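Asks: let's see this in three dimensions:
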Amino acid sequence: MPLKPTRRDLLKLMAAAPAFTMPMAAKAQLGAPKDGNPSFFRFSVGDIRLTILSDGYFTVPSETLGVNADPGAVQDFLASHFLPAHQGYSHTNHLLIETGDAKVLVDVGSGTRVFDTTGRLFESMEAAGIDPYDVTHVVITHAHPDHIWGIRDDFDEPIIPDAEYIIGQREFDYWMQDDLVNQVPEGDQQFVVGAVNSLNADGLEWTMANNDYEITAGVRLVSTPGHTPGHMSVVVESDDKTLIALGDAMTHAYTNFAHPEWYIDRDQDGDLAVSTRRRLLDMAASDRIAILGYHFPFPGVGHVQRVGNAYRFIPALWQFEA
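Replies: Numbering: from 1, shown residues only. Reported below is the predicted structural model:
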């Protein structure tokens, strides 16, 4: 009589025959959609209406993550989180804040000056039924290409001409200092030229902000330096509920939480970026504050859970209607 294998026998057989298992990469990778995906997401914080608008995406080498850590540890971490070992996928999640008569847009993206896969902000606004020319305030968290280079149209004029443009005083002063382009490494010179051209766009007048600058009731800027010297984040508060739009104070929804001590190659002051990140993570976890990550998987909204001496990003519950 043939023997019938037990469940334990089958498990042993599977463990001894790895050739029958699917390759790790095949398990981890999902295919892209053929017809695109929705590019906006609506929710609220108290009485304030919020919309996440995508400017598109871009890819960067994964080797830019955790540059102060052991490369093997970073690679192992990415693999354990079902992420590609050598290429990261960065979303671009813009926040539109609607409260009272104010419509505040956070960052303007890179337009088509950097990547072929970005420059979709106005397209996302149209899909969401938002007229970009109704925007009353444009806030720039910092002057890196993917946050400010889209500020000019093809005629070198502001894309939203009637809005008030706001940036941190320290951020503006850093990029506009005399002869900065010759004081940075050659690889960073294009960043300086692009920032200066964007900040000097024809007809553009800047409102300078410092820590706790109030844009409108319930919306203010806070200083979060490290990624750049004058980087700022946006705080939205209503009915005892709070959200922080992080800008690039955090750039990765997994490494930044499990390993807040790791920084990326584009953090201008790595140690300060880590200090700022730890402060934000501790505050968000302790006070149960929602966060928005500009480069987190779309729509990038969630919460911070404390896990021992580290943290975890918990995506917010997606709700279809009130």
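Asks: can you list the weak-confidence ranges in the chain?
Replies: Under the criterion pLDDT under 70, the flagged ranges of the chain are 1-28.
Asks: and with 50 instead?
Replies: By pLDDT under 50, the low-scoring segments of the chain are 1-2, 10-11, 13-26.
Asks: in the helix or strand residue 90 falls within, what's buried?
Replies: Per DSSP states H and E, residue 90 falls inside strand 87-99. Residues 88, 90, 91, 92, 93, 94, 95, 96, 97, 98, 99 are the ones in strand 87-99 that count as buried (16 or more other Cβ atoms under 10 Å). The C-beta positions use only the backbone N, C-alpha and C, and glycine is treated the same way.
Asks: could you do stretch 274-281 as well?
Replies: Neighbour counts over stretch 274-281 (16+ other Cβ under 10 Å) mark 274, 276, 277, 280, 281 as buried.
Asks: quick one: contacts for the residue lying closest to residue 112 once chain neighbours are set aside?
Replies: Nearest in space to residue 112, with sequence neighbours left out and distances taken as Cβ to Cβ, 6 or more residues apart in numbering, is residue 119 at 4.1 Å. Residue 119 makes contacts with 55, 56, 109, 110, 111, 112, 150, as judged by Cβ atoms under 8 Å, 6 or more residues apart in numbering.
Asks: can you report phi and psi for the last one?
Replies: Main-chain dihedrals, residue 150, degrees, to the nearest 10: phi -80, psi 10.
Asks: nearest residue to it in space, ignoring adjacent ones along the chain?
Replies: residue 111 (3.2 Å).
Asks: any idea how far residue 282 is from the one you found?
Replies: Going from residue 111 to residue 282 by Cβ to Cβ, to the nearest Å gives 35 Å.
Asks: just want to know which of these two has more residues nearby.
Replies: Counted by other Cβ atoms under 10 Å, residue 111 and residue 282 do not tie: residue 111 has more neighbours, with 24 against 14.
Asks: pretty sure the more buried one sits against residue 147.
Replies: No - if you go by Cβ atoms under 8 Å, residue 111 and residue 147 don't touch, sitting 10.9 Å apart.
Asks: which strand or helix spans residue 306?
Replies: Going by DSSP H and E, residue 306 is in strand 301-307.
Asks: following that strand, which helix or strand comes up?
Replies: strand 310-315.
Asks: partner residues bridging residue 235?
Replies: Beta bridges link residue 235 to residue 220, residue 244, judged by DSSP bridges.
Asks: what sits against it?
Replies: Contacts for residue 235 were tallied using Cβ under 8 Å, 6+ apart; they are 219, 220, 221, 222, 242, 243, 244, 245.
Asks: what about the first one, how many neighbours?
Replies: Taking other Cβ under 10 Å as the criterion, the count of residues near residue 219 is 22.
Asks: list the contacts for it?
Replies: With Cβ under 8 Å, 6+ apart, residue 219 has these contacts: 48, 97, 99, 102, 104, 234, 235, 236, 237.
Asks: state the distance from residue 112 to residue 149.
Replies: 9 Å.
Asks: check residue 201 too.
Replies: Where residue 149 is concerned, residue 201 sits at a distance of 10 Å (Cβ to Cβ).
Asks: pull the number of nearby residues for the closest residue to residue 192 other than its chain neighbours.
Replies: Of all residues not flanking residue 192 in the chain, residue 181 sits nearest, at 4.5 Å (Cβ to Cβ, 6+ apart). For residue 181, the count of nearby residues is 17 (other Cβ under 10 Å).
Asks: could I get the phi/psi values of residue 181?
Replies: Per-residue torsions, residue 181: phi -60, psi -30 (degrees, to the nearest 10).
Asks: what sits against it?
Replies: 189, 192, 193, 196.
Asks: for the first one, helix, strand, or coil?
Replies: Read it as residue 189. Of the three states, residue 189 takes helix under DSSP: H, G, I helix; E, B strand; the rest coil.
Asks: show me what contacts it?
Replies: Residue 189 touches 181, 182, counting by Cβ under 8 Å, 6+ apart.
Asks: rerun that using 7 Å as the cut-off
Replies: residue 181 (Cβ atoms under 7 Å, 6 or more residues apart in numbering).
Asks: before we move on, what about the second one?
Replies: Residues in contact with residue 192 (Cβ under 7 Å, 6+ apart) are 175, 180, 181, 184.
Asks: contacts for stretch 294-303 next, please.
Replies: 41, 43, 52, 54, 90-93, 246-248, 251-253, 288, 290-293, 313-316.
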